[in-house]
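K.L.:
my questions concern the predicted model and sequence given below.
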Amino acid sequence: MSAPLVLEQVELHARGRALLDGVSLRIEPGQFVVLVGPNGAGKTSILRVALGLLRPTRGAVRLGDSSIFDLSPRARAAALAWLPQQPVRDEPLTALETVAIARYRFGEANAASLVAARSALERAGAVAFAERRVTELSGGERQRVALAGLLAQEAPLLLVDEPANHLDPAQQIEAYELLGRCFEAGLGVLCVTHDVNLLVHTGAADRIRVVGLGLGRIRFELPFGAPELPRELGALFGLELRALELDGRRLILPERAAGSR
Amino acid sequence: MKTRFAILVLVSLLLLAAAAWLGTPFTGEHSQFVLWQLRVPRVLVGALVGGTLALVGAVFQAVFANPLATPCTVGTTAGATLGALAALALDLAPRVEGLPIVTLMAFAGAFGASLIVALAAAGGRARIDDVLLAGIAVTLAATALSTGIQYAADARALVAAALWSLGSLPQVGYRGVLVLLPFVVPTAIVLLGSTRGLQALAVSEELARAQGVDVPRLRMIALGVGSLGVAACVAWCGPIAFVGLIVPHLARLVLGASLRLLLPASIALGAGFLVSCDFLARFLVPSRELPVGVLTAALGAPALILLVWRRR
């Protein structure tokens, strides 16, 4: 299934507060969309709604022609894979067993799942600790196991929440290189992050769309290379930002919090 | 791990075989009768009940994502006891002939209690303790109702109910095996068949949903089928506590958290454990039959306290 995922005028209210307010978004395989915004802007809520885990108060979430809520869980899992931001519960399973869980939707023999899981661990650079229990791994190693789970589900759209969480700088670059390879292979990536500078490591920065989210509303949607991006990001985060050119790559650096001197 | 699994199953089988042959030596013309009509059926029923309770315990720990969730801590056992007591003490049906009615009533109680706890703790946002608190509340309520029913019952039914509620395995012949099999075998088949979904659920409910698991459906099936198995055991043997708590934890210590090994291992170990407890109960008080439920409760309560203490 390679249908586009479409959010239409999505509103989400919880405890009298609007978490999402008229959010419309579209992504399909072969596209790379980045969601940026300060904490509490609603980035993770958008992913939950898009996955069909949260029902929006108003608005629609569609996958191709069907509402995401009319699809069976298996059909959803065949289209969308998720890398959650929160680490999952500490079950002392091996990395291999953990990744094999992501093969649930295939309904295949356990041996086949393990083969696929090992191949996903290889691609995520985590095969060295395939047989170790995840409870004994460092935060960075666990995040790579989680990335392997994302790959093992073999969905055409990846919904990724802070993929560089818990990773050291070298691993952060590797994580974005991995997402870049997925994108080049034709997958769609919807990625939540704080740090747009890491996007150059996807090797596809010129084709990335950046969507700015503030207080549950979409504030802007720009190509990564757009000259006004630093200004818009600064307004979104309440920062004064400076763009630097370095070896033909643009870096966006915070100078000070807006209003402070 | 595979070797450890094989050893664990083998040890459990040896325990089962030993329990049938050990004990006061057989003498004279009755020895064949003692072995085949008393000991072997008793071991078989113990194995079926122990295996079922331990399996359901391991499954509930995954369903509630809580290492302390078991049929006895989330109210299933108390609910089954209430249903069965109501049938017994109110003399809805004579004890032996009316067993299906007792089982059905036990099932209604067990499923109702589990469902209340599951609903109270549903949504995935509930803290781990909420499950246990709801379980305690349901257990207290069911126990109070059970007491009320016994108070209202006549003396003859009261004695039968009181004996039954201690939890024990003694019997003559294979009736118990035949009554239990049609309930516990489907329970085991369905629960073992749900291993992969349960494994996903044990790690994270939300991620499991995103990975394609129909979580509400799986939860209903596991609770319903698990309650059915527990209800059948409770209806025949009385409430036998804590097997579902101790055994999965022992198996987990040896085998790790992978349900693919843990669930079948829990069946084997639960069978071996309960039969051994029953043997010990016969052995500790030779002249009388100490009900096995008394012994498992005496072992289980400290084990529960130890587990709570270790979680700090």
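P.N.:
Yep, it's here. Residues are numbered from 1 along each chain as shown, chains lettered A, B, ... in the order given.
K.L.:
my guess is B:Leu68 contacts B:Leu304, does it?
P.N.:
Yes. In this structure B:Leu68 lies within contact range of B:Leu304 using Cβ atoms under 8 Å: 7.2 Å. (C-beta placed from N, C-alpha, C; glycine too.)
K.L.:
name the residues contacting each of these two.
P.N.:
Between them, B:Leu68 and B:Leu304 have B:Leu245 as joint contacts when contacts are counted by Cβ atoms under 8 Å, 6 or more residues apart in numbering or on different chains.
K.L.:
which residues of the stretch 51-200 of chain B lie near chain A?
P.N.:
B:Ala65, B:Arg196, B:Gly197, B:Gln199, B:Ala200 (Cβ under 8 Å from any Cβ of the partner chain).
K.L.:
name the helices or strands packed onto the strand or helix carrying the fourth one?
P.N.:
Element membership of B:Gln199, judged by DSSP states H and E, is helix B:195-203. Where contact means 3 or more Cβ pairs under 8 Å, 6 or more residues apart in numbering or on different chains; DSSP states H and E, helix B:195-203 is packed against helix A:95-101, helix B:40-63, helix B:205-210, helix B:215-237, helix B:259-284.
K.L.:
quick one: the helix or strand following the last one near chain A?
P.N.:
The reference is to helix B:259-284. Heading C-terminal from helix B:259-284, the first helix or strand you meet, by DSSP H and E, is helix B:292-310. No. Contact of helix B:292-310 with chain A (Cβ under 8 Å from any Cβ) is absent, the minimum separation being 14.3 Å.
K.L.:
what residues of helix B:292-310 count as buried?
P.N.:
Applying a neighbour-count criterion of 16 or more other Cβ atoms under 10 Å in any protein chain shown, the buried positions in helix B:292-310 are B:Val292, B:Gly293, B:Val294, B:Leu295, B:Thr296, B:Ala297, B:Leu299, B:Gly300, B:Leu304.
K.L.:
kindly report the same for stretch B:137-154.
P.N.:
B:Val138, B:Thr139, B:Ala141, B:Ala142, B:Leu145, B:Ser146, B:Ile149, B:Gln150, B:Ala153.
K.L.:
now the closest residue to B:Ala251 other than its chain neighbours: how far from A:Glu228?
P.N.:
Excluding the flanking residues, the one nearest B:Ala251 by Cβ to Cβ, 6 or more residues apart in numbering or on different chains is B:Ala265, at 4.5 Å. When Cβ to Cβ, to the nearest Å is the yardstick, B:Ala265 and A:Glu228 sit 62 Å from each other.
K.L.:
before we move on, what about A:Ala205?
P.N.:
According to Cβ to Cβ, A:Ala205 stands 16 Å off from A:Glu228.
K.L.:
do the same with A:Ser66
P.N.:
Taking Cβ to Cβ as the measure, A:Ser66 falls 37 Å from A:Glu228.
K.L.:
looking at the buried residues of helix B:292-310, spot the one nearest A:Gly59.
P.N.:
Of all these, the one with the least separation from A:Gly59 (Cβ to Cβ) is B:Leu304, at 47.5 Å.
K.L.:
need phi/psi at the closest residue to chain A within chain B.
P.N.:
Sorted by distance to chain A under Cβ to the nearest Cβ, the residues of chain B start with B:Gly212, at 3.0 Å. The phi and psi values for B:Gly212, taken as degrees, to the nearest 10, are phi 110, psi 10.
K.L.:
how about it: what's its closest non-neighbour residue?
P.N.:
The spatial neighbour of B:Gly212 that comes closest, neighbours along the chain excluded (Cβ to Cβ, 6+ apart), is A:Ala77 at 3.0 Å.
K.L.:
surely that neighbour is within a helix?
P.N.:
Yes. If the criterion is DSSP: H, G, I helix; E, B strand; the rest coil, then A:Ala77 is within a helix.
K.L.:
which residues in the stretch 51-200 of chain B form helices?
P.N.:
Taking DSSP state H, counting those that start in this stretch as the test, the helices found in the stretch 51-200 of chain B are B:76-89, B:99-120, B:128-152, B:155-164, B:175-193, B:195-203.
K.L.:
chain center to the third one, what's the gap?
P.N.:
By that I understand helix B:128-152. Here the centre of mass of C-alpha atoms in helix B:128-152, compared against the chain's by Cα atoms, centre = their mean, to the nearest Å, lies 17 Å away.
K.L.:
cool, and the first one?
P.N.:
Its chain's C-alpha centre and that of helix B:76-89 lie 14 Å apart, by Cα atoms, centre = their mean.
K.L.:
can you tell me which residues in the stretch 51-200 of chain A are near chain B?
P.N.:
In this structure, the stretch 51-200 of chain A approaches chain B at residues A:51-53, A:72-74, A:76-78, A:80-82, A:84, A:88-89, A:91-94, A:97-98, A:101-102, A:104-105, A:110, A:133, A:153, judged by Cβ under 8 Å from any Cβ.
K.L.:
can you do 7 Å?
P.N.:
A:51, A:53, A:73-74, A:76-77, A:82, A:84, A:88-89, A:91-93, A:97, A:101-102, A:104-105, A:110, A:153 (Cβ under 7 Å from any Cβ of the partner chain).
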